[in-house]
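Trainee: Kindly return the folded structure for what I paste below:
(one chain, ligands or ions: 1)
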Amino acid sequence: MSERRELVIGHSVLGRPIEAVQFLPPSYARPRPPALLFAAIHGDEAVTQLMLERLADELIERPPGRETWIVPCVNPDGVLAGTRNNANDVDLNRNFASASWGTNRRPGYNPGRAAEDQPETQALVRLVEHVQPQRIIALHATYRMVNWDGAGEALANEMAARCGYPVEHDMGYPTPGSFGAKYGVEKNLEVVTLEVPYLDIDEQAWLDCRTALRWSVDLPD
Ligand SMILES: [Zn+2]
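Mentor: Below is the predicted model of the structure:
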């Protein structure tokens, strides 16, 4: 059984807790910088929450090869309402304080009144500052695709080889104020976005992603 700690890293607009689980590697593991994985920053992508909850269940039995933080649901209000945005109708993945915040956005994407003015965004930003992860995996739905920013190319390729989804660098549209813009492009961390499909009846989607996600927390250096 792995050593783990559950904690509340903040609260949503409607006061719901945003929870994180920290896993520590076995004492014999070689030191590696921490990984952070988060999901359901878009409330209409609840399948991503399910995937990280399952990953967390597995890590209880088989600890990761590095310190790993999992935030299964960044946007609990959105998940319960079935909406992409949070309860202030802000797209949290346009709310980060990248240089591009609020610029060049497509109609319908609300970045907030100021960068990082939303409590869900603030909770994730605080956690990144606390954990200082080198690699961060963001789960979105519902394409089958691995996207990367910053220093994430090698990790994206490794994960793509395991889940069988194609690697894309350019999403094909601007994403000002996105998590990837701030922590990948500007801070040059290994940021990988895994776009997962809805779960099939045979659960192939989970099995595909599971292998890629395990890779991200176990190996390589
Ligand atoms: Zn999304």
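Trainee: What are the boundaries of the strands in this structure?
Mentor: With strands called from DSSP state E, the chain shows them at 3-11, 17-24, 35-38, 68-71, 135-141, 145-150, 167-168, 190-196.
Trainee: These into JSON lines, with extra columns for mean neighbour count and distance to the ion?
Mentor: No exception for glycine: its C-beta is placed from N, CA and C like everyone else's. JSON lines is the format used below for the strands of the chain (neighbours: other CB atoms under 10 Å; distance: least, CB to the ion, whole Å):
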{"stretch": "strand 3-11", "mean neighbour count": "14", "distance to the ion": "19"}
{"stretch": "strand 17-24", "mean neighbour count": "19", "distance to the ion": "17"}
{"stretch": "strand 35-38", "mean neighbour count": "26", "distance to the ion": "11"}
{"stretch": "strand 68-71", "mean neighbour count": "26", "distance to the ion": "14"}
{"stretch": "strand 135-141", "mean neighbour count": "25", "distance to the ion": "3"}
{"stretch": "strand 145-150", "mean neighbour count": "24", "distance to the ion": "11"}
{"stretch": "strand 167-168", "mean neighbour count": "16", "distance to the ion": "14"}
{"stretch": "strand 190-196", "mean neighbour count": "26", "distance to the ion": "8"}
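Trainee: Reformat those strands as CSV; add mean pLDDT.
Mentor: Converted to CSV, the strands of the chain look like this (pLDDT from 0 to 100):
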stretch, mean pLDDT
strand 3-11, 95
strand 17-24, 97
strand 35-38, 98
strand 68-71, 98
strand 135-141, 97
strand 145-150, 96
strand 167-168, 93
strand 190-196, 96
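Trainee: What's opposite the most centrally placed residue in the chain in the beta bridge?
Mentor: Per CA atoms, centre = their mean, the C-alpha nearest to the average position across the chain is that of Ala138, at 2.3 Å. Beta-bridge partners for Ala138, by DSSP bridges, are Phe38, Thr193.
Trainee: With Glu168 instead?
Mentor: Asn147.
Trainee: Distance-wise, check it relative to Gly180.
Mentor: Between Glu168 and Gly180 the computed distance is 12 Å (CB to CB, to the nearest Å).
Trainee: How about Asp89?
Mentor: With CB to CB as the criterion, Asp89 and Gly180 are 22 Å apart.
Trainee: Next: Gln22.
Mentor: Gln22 sits 23 Å away from Gly180, going by CB to CB.
Trainee: Show me which of Asp89 and Gly180 is the more surrounded one.
Mentor: Gly180 (24 against 12; other CB atoms under 10 Å).
Trainee: mind checking pLDDT for the more buried one?
Mentor: Looking at Gly180, its pLDDT is 95.
Trainee: need the contact list for it.
Mentor: Residues near Gly180 by CB atoms under 8 Å, 6 or more residues apart in numbering: 138, 147, 149-150, 191, 193.
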